[in-house]
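Peer 1: whatever this is, show me its structure:
(chains A and B)
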Amino acid sequence: MSARASSLRAFEAILAKDLRVELRTLQSVPAMVLFAVTTFVLFRFGLDRSELSGSLAAGVLLATVLFAAILAINRLFVAERDEGGFDAIRLAPVDGTALLGAKTAALVVYLLLLEAIALPVFAIFFLDSWAGLAPVAGILALTDLGLAATGVLVSAIAANTRARDLLVPLVLLPLLVPVMIAAGGAAEPLLANGGPSYDGIAKWLGILALYDVVFLLVGYAVYDFLLED
Amino acid sequence: MAETAAVQRESGRADPRATQPAIALAHLWRDFGDRTALRDITFELGEGETLAVLGPNGAGKTTLLRVLATLLRPTAGDVSVLGCALPREAWKARGRIGYLGHEPLCYRDLTCAENLRFQARLHGLEDDAAERIAGLLDRVGMLRWAGELVRNLSAGMVQRLAVCRAVLHEPELLLLDEPHSHLDPEAAALVEPLIGPAPDRTRVLVTHEIEAGLAEGDRVLALRAGGAVAYEGATTGLSAGDARAIYGGAL
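Peer 2: The predicted model follows:
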């Protein structure tokens, strides 16, 4: 079997395993959803505003998704570390990037599930028009890829440290500043008062896509070294 | 014992291994920071042979096994496993080694069958995997637990599952770290045909059962606390009493 075929097979196996375990244990996605909804409630009463638009709306939405993502990123390699998954995978004739790809894909799935619930809740709490929601969902999907590519790398680095819960946000949040700026810049006109506008979002989408590609390539380049002793 | 006390390596023995050795170690060192776990380990093991590894806690037995399994890099020295120089050619050796360590390497939130199916997919055994998985579970008396989550199993059952995982891909080399841990005599007898001595099975067996290790092994590597070699050679060159003395630090 070729290296590519074995990597693809391992990617599918690890992704299916992660999704099966999540479906069975409900450890990550429900916590993320609960966190996001609670955060929206806090923003709603903390800001004392029933309606948000523009940069403030984009900021509330993206900050909530970002912090909810950290809950899942912290847990991403727990089973691999505690139950010997790292060793089991390294004993098999598979490329380490299969694990990277599978974990990235699993995190993207978790984030999409989160957003499928959190975005309508956000709209109910803060928006008078739902017209900009569909394009915002597209921007969130691009953001998810950046969050996942970076989050998996940081999570893998932190997996074997005792200060994992501290290390992940400490390292990850600064790395994600460009994603937040670009996603915020793209989402702001879509959530503007008086309906969505598409002026100037192409530039931000380009930056977001570039960030995604860069961090996926960085992961591909260094991941085998991260897994090795 | 006085005679064997000075023996670091058996000398002048006839080498029964005409072919390339399955394992060849030359001056292997492994450090963890300032602490040295393995000191200048040198030995060869031929295909189909069993090496019994003895030594007290902290002697580096598990570290040695993890180096051979490609899970740890040597700090210094030459390591060849199944003809692959480690760590450079680790990727060529992986998939040919069956490793049964202290951890079962099974996911607690998957069932026994799901764990083995996962392993089978990683090792590219999808065509006849279902049949082989059922056969292995049956042989270790776990077929009726195939659909049970691993977290619900006893330690002995998990160990039996771990044996199935280690041999699922029919490895050329078995690395066994106290393989009978948690197993009652009946369960130990069930797993024996899968991991016990066999003419075409190369094994490295870490054990504290001295008599059993010496009986099963063709060769023995006895390590002192601190990772230095106390004895390396044919099992016939080391008595059970001398082996016990290594545990007490007398040898």
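
Peer 1: please make it C-alpha for all contacts and neighbour counts, starting now.
Peer 2: Will do.

Peer 1: mind pulling up the pLDDT for B:Thr19?
Peer 2: B:Thr19 carries a pLDDT value of 65.

Peer 1: actually B:Ala6, not the one I wrote
Peer 2: pLDDT, B:Ala6: 38.

Peer 1: and A:Glu51, by the same measure?
Peer 2: 89.

Peer 1: correct me, but it touches A:Ser129?
Peer 2: No: with contacts counted by Cα atoms under 8 Å, A:Glu51 stays clear of A:Ser129, the gap being 10.0 Å.

Peer 1: would you map the strands across chain B?
Peer 2: B:23-32, B:35-45, B:50-54, B:76-81, B:84-86, B:97-100, B:173-177, B:202-206, B:219-223, B:229-234 (DSSP state E).

Peer 1: helices of chain B, start to end?
Peer 2: B:2-5, B:61-68, B:90-93, B:112-122, B:129-139, B:155-167, B:185-195, B:210-216, B:240-248 (DSSP state H).

Peer 1: in a markdown table, list the ones you listed along with distance to chain A and mean neighbour count.
Peer 2: Listed next are the helices of chain B as a markdown table, based on distance: least, Cα to the nearest Cα, whole Å; neighbours: other Cα atoms under 10 Å in any protein chain shown:
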| stretch | distance to chain A | mean neighbour count |
| --- | --- | --- |
| helix B:2-5 | 35 | 11 |
| helix B:61-68 | 10 | 22 |
| helix B:90-93 | 6 | 20 |
| helix B:112-122 | 5 | 24 |
| helix B:129-139 | 14 | 17 |
| helix B:155-167 | 9 | 24 |
| helix B:185-195 | 18 | 16 |
| helix B:210-216 | 25 | 18 |
| helix B:240-248 | 29 | 17 |
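
Peer 1: would you list the ones you listed in a markdown table and tack on distance to A:Ile139?
Peer 2: Shown next, in a markdown table, are these (distance: least, Cα to Cα, whole Å):
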| stretch | distance to A:Ile139 |
| --- | --- |
| helix B:2-5 | 72 |
| helix B:61-68 | 45 |
| helix B:90-93 | 39 |
| helix B:112-122 | 34 |
| helix B:129-139 | 42 |
| helix B:155-167 | 43 |
| helix B:185-195 | 54 |
| helix B:210-216 | 62 |
| helix B:240-248 | 64 |
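
Peer 1: mean pLDDT lowest for which of the ones you listed?
Peer 2: Among these, helix B:2-5 carries the lowest mean pLDDT (a mean of 38).

Peer 1: contacting residues for the residue nearest to A:Arg24 when sequence neighbours are not counted?
Peer 2: What sits nearest to A:Arg24 in space, not counting adjacent residues and going by Cα to Cα, 6 or more residues apart in numbering or on different chains, is B:Asp109, at 7.5 Å. Counting by Cα atoms under 8 Å, 6 or more residues apart in numbering or on different chains, B:Asp109 touches A:Val21, A:Arg24, A:Thr25, B:Leu149, B:Val150, B:Arg151.

Peer 1: and the closest residue to the fourth one other than its chain neighbours, how far from A:Val168?
Peer 2: Put plainly, it is B:Leu149. Of all residues not flanking B:Leu149 in the chain, B:Thr111 sits nearest, at 3.9 Å (Cα to Cα, 6+ apart). Using Cα to Cα, to the nearest Å, B:Thr111 is found at 30 Å from A:Val168.

Peer 1: what lies in contact with stretch B:32-47?
Peer 2: For stretch B:32-47, the surrounding residues in contact (Cα under 8 Å, 6+ apart) are B:16-17, B:19-31, B:51, B:58-60, B:63-64, B:77, B:200-202, B:219, B:226-229, B:232.

Peer 1: and that stretch, what's buried?
Peer 2: B:Thr36, B:Ala37, B:Leu38, B:Arg39, B:Ile41, B:Thr42, B:Phe43, B:Glu44, B:Leu45, B:Gly46, B:Glu47 (16 or more other Cα atoms under 10 Å in any protein chain shown).
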